[in-house]
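Participant: I'll drop the sequence and a predicted model, then ask my questions.
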Amino acid sequence: MNTDIQPPATRAAATRRPAGFWRSALALMAVAAAIGCLGTPVTAGAQAADPAPAQPPRPADEPAIVAHLKEGEPLEGELISLTTNQLRMRVVIGVGSADRTIPYDEIDYILFHPEPVEEQLLAAPDYDRDADELVALYARKSRFLGFPRSNAGEVGLAYARLVLERMREHPEEDQEDDGSDAAEAGGRPSLVVFQRALRFCQEVEQDDWDDARRSQARLVRLQLLLADGQRAEVIREARELVDSTRSLEIHLKGRLILADAAFDELQWLVEDNPRWFEDDIIRPRRDELFHDTLDAFLYPSLFHPTREEAAARGLLGAARVYEHAGELPLALACATDIIALYPDSEAALEARELIAAQPRDEAAEEVVAGADQAAADAAAAAEPDRLIDDPLMRSMQDQLQRRRVTPLDNDAAADDEPPGDAPDAPRFDDEDF
């Protein structure tokens with residue numbers, strides 16, 4: 001019998017494996033699979049039933065916010081949501097992340113990191129280039145208006161100031177309700193844009209965490225209304241602001257808005273009555289407006305000359321009033337005062353332009369040259385700031401006092417009284433002593 005040839009039953013029995021062999025093989029496969037899974041990180045909160053990989057966390061070097069807690073280490077991460085009493089954020093933990101809900105009463109303050117385009121937008125914004133970007137940035141940040149250290153209000157006001165600047169550049173054009181950022185290329189902003197700028201100011205004024213920024217929002221809003229021709233509303237609210245504020249800076253800026261409103265009315269009156277000097281009814285009103293406008297513009301430089309921004313801005317306004325009245329020597333005198341006393345102010349640039357636009361004036365040119373030389377000397381020698389009792393400043397005050405004229409319809413007794421409310425001027429929290 002040939003033992004190499006086996007019946008089918010015998011061959012099947014020879015190839016059958018014991019049950020223990022298969023159990024060992026399955027165990028080895030399970031171990032291999034477990035070892036392979038060790039290379040895949042599992043983030044906090046991952047579900048076993050959901051094998052989808054977690055989203056990569058925001059880079060640790062660019063967190064959206066840093067929440068500084070009253071107790072414990074600051075938490076860096078990305079803000080997810082806000083409610084009335086807590087926030088939810090995705091906290092960066094090493095190479096991973098975890099969601100955490102934090103009540104506001106556990107937070108000392110929140111540090112908001114700027115977005116990549118933010119610094120450029122706020123440093124030197126341009127209406128045609130940056131208006132849409134500022135609107136989008138404010139839309140992302142406006143919900144943080146009430147959070148300490150948030151600059152959301154600054155973004156909103158940057159947009160509003162751009163709109164204001166463009167409206168002043170195109171005062172004679174009508175606004176069009178077409179929803180675009182300008183009625184035409186390089187033209188006056190549309191009604192929709194104007195209303196959006198007003199809304200941004202109102203939101204900052206009502207909700208911003210910073211008192212000073214809320215006051216600034218009110219001032220910008222009033223300037224927008226004045227640029228829109230709503231003079232009566234501006235005068236009413238600006239007077240209320242001037243009388244109620246405890247900030248000298250806001251007080252002076254409110255006075256300058258009143259001066260702008262008076263100058264606006266003066267220009268309208270003269271334009272509507274080109275022969276005002278022959279009209280016995282119009283002429284007294286024109287003269288009263290002229291002198292009241294000058295008084296309002298000169299107030300900061302007369303009584304608070306160390307407030308350089310307001311003083312220079314007021315002198316520039318007075319120069320514009322004199323220029324409008326055809327009194328060019330006095331306009332040049334105000335412009336040269338600005339350059340001599342406040343050479344680093346924004347108004348000094350416009351004062352130079354005003355001087356350059358007039359016929360050649362050797363005295364004004366000499367002042368400009370002297371101011372340029374003084375600025376160069378100061379930069380080289382690092383001279384200290386000017387003192388309040390600087391003789392040049394005292395001389396300027398004397399000159400302005402001599403140029404100051406009271407309204408024509410004031411009685412003789414009023415002529416002997418000191419200007420306006422200077423003797424009983426209110427004390428301000430930020431007043432110079």
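Facilitator: Nice, I can see it. Please read all numbers here as calculations on a predicted model, not as lab measurements.
Participant: Could you report the distance from Arg199 to Asp126?
Facilitator: 22 Å (Cβ to Cβ, to the nearest Å). Heads up, the C-betas are built off the backbone N, CA and C, glycines and all.
Participant: no no, Phe194
Facilitator: Distance of Phe194 to Asp126, given as Cβ to Cβ: 18 Å.
Participant: Which of these two has more residues huddled nearby?
Facilitator: Phe194 (22 against 9; other Cβ atoms under 10 Å).
Participant: what's near enough to touch that one?
Facilitator: 163, 167, 175, 224, 228 (Cβ atoms under 8 Å, 6 or more residues apart in numbering).
Participant: How many residues are close by the second one?
Facilitator: Yep, that's Met167 we're talking about. Count around Met167 with other Cβ under 10 Å applied: 21.
Participant: That one contacts Gln223, doesn't it?
Facilitator: No: counting by Cβ atoms under 8 Å, Met167 stays clear of Gln223, with 9.1 Å between them.
Participant: Could you list the domains of the chain?
Facilitator: Residue ranges for each domain of the chain read 65-112, 114-229, 277-379+386-419, as given by automatic domain parsing.
Participant: closest to Glu265 out of the ones you listed?
Facilitator: Among these, the nearest to Glu265 by Cβ to Cβ is domain 277-379+386-419 (6.1 Å).
Participant: now the strands for this protein?
Facilitator: Applying DSSP state E to the chain gives strands spanning 65-69, 75-82, 86-93, 96-103, 107-112.
Participant: Select the longest helix from this protein.
Facilitator: helix 248-272 (DSSP state H).
Participant: State the mean pLDDT of that helix.
Facilitator: If you average the pLDDT over helix 248-272, you get 95.
Participant: Output the contacting helices and strands for it.
Facilitator: helix 211-227, helix 231-244, helix 282-303, helix 308-324 (3 or more Cβ pairs under 8 Å, 6 or more residues apart in numbering; DSSP states H and E).
Participant: With mean pLDDT as added columns, please give the strands of the chain in CSV.
Facilitator: Below are those laid out as CSV (pLDDT from 0 to 100):
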stretch, mean pLDDT
strand 65-69, 88
strand 75-82, 84
strand 86-93, 86
strand 96-103, 87
strand 107-112, 86
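Participant: what would the ones you listed look like in a markdown table with distance to Asp208 and mean neighbour count?
Facilitator: Shown next, in a markdown table, are the strands of the chain (distance: least, Cβ to Cβ, whole Å; neighbours: other Cβ atoms under 10 Å):
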| stretch | distance to Asp208 | mean neighbour count |
| --- | --- | --- |
| strand 65-69 | 18 | 17 |
| strand 75-82 | 16 | 17 |
| strand 86-93 | 18 | 18 |
| strand 96-103 | 22 | 15 |
| strand 107-112 | 13 | 17 |
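Participant: pull the CA atoms of stretch 264-274 into CSV?
Facilitator: C-alpha atoms of stretch 264-274 as CSV (Å, rounded to 0.1, in the frame of the first residue of the first chain):
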residue,chain,number,x,y,z
ASP,A,264,-20.1,127.6,9.0
GLU,A,265,-23.1,129.9,9.6
LEU,A,266,-20.9,133.0,8.8
GLN,A,267,-19.9,131.6,5.5
TRP,A,268,-23.5,130.6,4.6
LEU,A,269,-24.7,134.1,5.6
VAL,A,270,-22.1,135.9,3.4
GLU,A,271,-22.6,133.5,0.5
ASP,A,272,-26.4,134.0,0.7
ASN,A,273,-26.0,137.8,1.0
PRO,A,274,-23.0,138.9,-1.2
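Participant: in the stretch 301-433 of the chain, which ranges drop under the pLDDT threshold?
Facilitator: Scanning the stretch 301-433 of the chain for pLDDT under 70 picks out 360-365, 367, 371, 374-427, 429-433.
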